[in-house]
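Participant: Sequence plus predicted model, see below.
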Amino acid sequence: MTITPVVVGVGQSINHDDDDLAASEPVALIEAAARAAGDDSAVDLLAQADVVEIMGVGSWWYDDLPGLVAQRLGAEVAPGRRRMLPTGGETPLRALDVAAARIAAGDACVVLLAGAEGTRALTRAKRAGVEIPWTQSSAPRPEWTLGPELAGAQALGIERAFDAFPLYEHALRAVEGRSFADAQTESARLWAGLSRVAAANPYAWSRDLYDEAFLAATSAGNRMVAYPYTKHLVANPFVNQGAALLVTDTATARAHGIPEDRWVYPWGGAGADEPTDPRARDHYAHNRALEAAVQITQALTRTRVDDYDAVELYSCFPVMPKLTARTLGLATGTPDAMPVSVTGGLSFAGGPGSNYLTHSLAQMVLRLRESGGTGFLHGVGMFNTKHHCVVLSARPSPRGEYPAVPHDPAEVRPPLYDPVPVDDNYEGPVTIETLSVRFGRDGAPERGVVLGRGSDGQRVGARLVDADTLGALTDSSEPVGQVGTALAGAAGRPAVFRV
């Protein structure tokens, strides 16, 4: 007998009250979102959950957050069936994919997927010297590091997402032969559209409307952060938000009297990973893991771009939906173009760590219930490294059985191809493939990274540190293709690039 998984409940929570610290604790936000999902299903299944999966939480450390969530909800979930999932923007899609496959295989009946972040409340309280009245753990939080595979990138200066994604923005613009102004206009147009979606989303962190002219220009209210991205073109992690989904099967939903107009069907999904080290990618104008995730998902679900009535293209930085739209063959920027998000993007709807896409799944479910049709979602984790896609629909899949998932979200997937070797000891001429530059609050470039090719074609990474070179490469002309020199760094540090 075929067991068909369905999403039957979705819920979201948000707290803008900076004085109500208790309501911004991640476990409180998760509980509120889960209870909303239970209410949304019309028949509360929370107490019957036999699997609880919580997205990685960065803002607070708990001894056993999944167990605490289950306890608060009155669900008796065995320790081996409740867990925290790894950090990653794509994790909610992988979690739903695996949950649906487990349900289809008879290994689970009711799965709760949830997550939250209270980063804004925590940050403001620390700045004010206010004690945080949140659940205390019995042991100190383990120190978080990027890991040994990223040591070379970190030494070079690729430490955060906004150091990595501009590498793709510059390379894509150069390969397409577009001007800096044209590429910025496309980014501004996409983000203006996201602000319109967020304005209509009651769970978006910012519901303000932004026009293209403001977003495209650098100004006091929109300073440059990571060239070429300004403040309002980057993800906003300083939010207090939670989201949750209840997933079961059609027989269980029917037996409990959950109306069929609440059901939304996962059709399947797939993912792939790039080499972990962002210095070691084969190219920066495309992403092979993204392309594989899209192609395999479409093959498994028997869909193509024309079948999608709504999409959620991960929108942490403008290059990401650009790359995904180009991979899909989806037009953007025209008056009749489909919005690239049903949520509002991580700049406006909010970027609650690894949990943004749980909000997007909730929004997609609501959209499909209201309008019918089929939706496509894409997510990315780390430095444009981990990709996953899923397809949801208001109707059952034509495939019948839910496809098996080869990798659990807690497993590390092997990269799609071997890393490109990086010559850490190279000195000499370098042709720029791409770059990334951080700006200070004073509006001046502070430091950056160049990735390029040496005289024998080898991949080279070098730091940008001197003001003249930083200024020359951020003057809105095309830096990709320029030739400079890699000079030995001091005290064993990576080379310095100068033009």
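Facilitator: Noted; the coordinates are in hand.
Participant: list the buried ones in stretch 32-46?
Facilitator: 32-38, 40-46 (16 or more other C-beta atoms under 10 Å). Using the backbone N, CA and C atoms, a C-beta is placed for each residue, glycine as well.
Participant: Revised request: answer the last question for stretch 114-132.
Facilitator: So for stretch 114-132, counting by 16+ other C-beta under 10 Å, buried means 114-122, 124-125, 132.
Participant: mind checking how far it is from the chain centre?
Facilitator: Centroid displacement of stretch 114-132 relative to its chain, using C-alpha atoms, centre = their mean, to the nearest Å, is 21 Å.
Participant: Give me the contact list for that stretch.
Facilitator: Contact with stretch 114-132 is made by 13, 15, 18, 21, 24-27, 29-30, 33-34, 37, 52-60, 69, 92, 134, 237-245, 352-355, 358, as judged by C-beta atoms under 8 Å, 6 or more residues apart in numbering.
Participant: Using CSV, list the CA coordinates for stretch 348-368.
Facilitator: Extracted C-alpha coordinates of stretch 348-368, given in CSV (Å, rounded to 0.1, in the frame of the first residue of the first chain):
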residue,chain,number,x,y,z
PHE,A,348,13.1,41.9,4.7
ALA,A,349,11.2,38.8,5.9
GLY,A,350,14.2,38.1,8.2
GLY,A,351,17.1,35.7,8.2
PRO,A,352,16.6,33.6,11.4
GLY,A,353,19.8,31.5,10.9
SER,A,354,19.0,28.0,9.6
ASN,A,355,15.3,28.5,9.9
TYR,A,356,14.3,30.9,7.1
LEU,A,357,13.1,28.2,4.8
THR,A,358,10.8,26.8,7.5
HIS,A,359,9.0,30.1,7.2
SER,A,360,9.1,29.8,3.4
LEU,A,361,7.6,26.3,3.6
ALA,A,362,4.8,27.7,5.8
GLN,A,363,4.2,30.5,3.4
MET,A,364,4.2,28.2,0.4
VAL,A,365,1.7,25.9,2.0
LEU,A,366,-0.6,28.8,2.7
ARG,A,367,-0.2,30.0,-0.9
LEU,A,368,-1.0,26.6,-2.4
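Participant: for it, what is the average pLDDT?
Facilitator: Averaging pLDDT along stretch 348-368 gives 98.
Participant: mind starting the numbering at 46 from now?
Facilitator: Noted, 46 is the first residue going forward, which turns the last one into stretch 393-413.
Participant: what separates that stretch from the chain centre, distance-wise?
Facilitator: For stretch 393-413, the distance to the chain centre is 10 Å (C-alpha atoms, centre = their mean).
Participant: so where is the stretch 296-445 of the chain shaky, pLDDT-wise?
Facilitator: The stretch 296-445 of the chain contains residues with pLDDT under 70 at 378, 380.
Participant: Now pLDDT and secondary structure too, for the buried residues of stretch 159-177, in CSV please.
Facilitator: CSV is the format used below for these (pLDDT from 0 to 100; DSSP: H, G, I helix; E, B strand; the rest coil):
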residue, pLDDT, secondary structure
A159, 98, strand
G160, 98, strand
A161, 98, strand
E162, 98, strand
G163, 97, strand
T164, 97, helix
R165, 97, helix
A166, 96, helix
L167, 96, helix
R169, 95, helix
A170, 94, helix
I177, 93, coil
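Participant: Helices of the stretch 196-345 of the chain, start to end?
Facilitator: Counting by DSSP state H, counting those that start in this stretch, the segments of the stretch 196-345 of the chain that form helices are 196-201, 206-220, 225-244, 257-261, 295-300, 333-346.
Participant: and which of the buried residues of stretch 159-177 is nearest F393?
Facilitator: Nearest to F393 among the buried residues of stretch 159-177 is R165, at 14.5 Å by C-beta to C-beta.
Participant: In helices only, show me the contacts of stretch 159-177.
Facilitator: Applying DSSP state H to the contacts of stretch 159-177, the entries found in helices are 71-72, 74-75, 78-79, 82, 114, 137, 403.
Participant: Only the buried residues of stretch 515-526, if you could.
Facilitator: Buried-residue list, stretch 515-526, by 16+ other C-beta under 10 Å: 515, 517-519, 524-525.
Participant: If we only consider these, which is nearest to G485?
Facilitator: Among those, and counting by C-beta to C-beta, the member closest to G485 is L515, at 10.8 Å.
Participant: And that closest one, how close does it get to Y272?
Facilitator: 9 Å (C-beta to C-beta, to the nearest Å).
Participant: Can you pull the residues that touch both of these two?
Facilitator: What both L515 and Y272 touch, as defined by C-beta under 8 Å, 6+ apart, is the set 482, 490, 493.
Participant: Strands - which of the residues you listed land there?
Facilitator: 482, 490, 493 (DSSP state E).
Participant: Now tabulate those in CSV and tack on neighbour count.
Facilitator: CSV is the format used below for these (neighbours: other C-beta atoms under 10 Å):
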residue, neighbour count
V482, 24
P490, 18
G493, 26
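Participant: rewinding a little: just the buried members of the contacts of stretch 159-177?
Facilitator: 58, 60, 66, 69-72, 74-75, 78-79, 82, 97-105, 114, 137, 179, 282-290, 397-400, 403.
Participant: Now do the residue nearest the centre of the chain against V425, distance only.
Facilitator: A centroid search over the chain (C-alpha atoms, centre = their mean) returns G134, at 3.2 Å, as the residue closest to the centre. Per C-beta to C-beta, G134 is found 5 Å from V425.
Participant: Can you pull the residues that touch both of the two?
Facilitator: Jointly contacting G134 and V425 under the rule C-beta under 8 Å, 6+ apart are 359, 361, 431.
Participant: and the host helix or strand of G54, C-alpha only, in PDB?
Facilitator: Using DSSP states H and E, G54 sits within strand 50-59. Below are the C-alpha coordinates for strand 50-59, written out as PDB (Å, rounded to 0.1, in the frame of the first residue of the first chain):
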ATOM      1  CA  PRO A  50       2.900  12.200   3.000                       C
ATOM      2  CA  VAL A  51       1.100  15.600   3.500                       C
ATOM      3  CA  VAL A  52       1.800  18.800   5.300                       C
ATOM      4  CA  VAL A  53      -1.300  19.500   7.400                       C
ATOM      5  CA  GLY A  54      -0.300  22.300   9.700                       C
ATOM      6  CA  VAL A  55       2.000  25.400   9.600                       C
ATOM      7  CA  GLY A  56       2.700  28.000  12.100                       C
ATOM      8  CA  GLN A  57       4.900  31.000  12.600                       C
ATOM      9  CA  SER A  58       5.800  33.300  15.500                       C
ATOM     10  CA  ILE A  59       7.400  36.700  15.800                       C
END
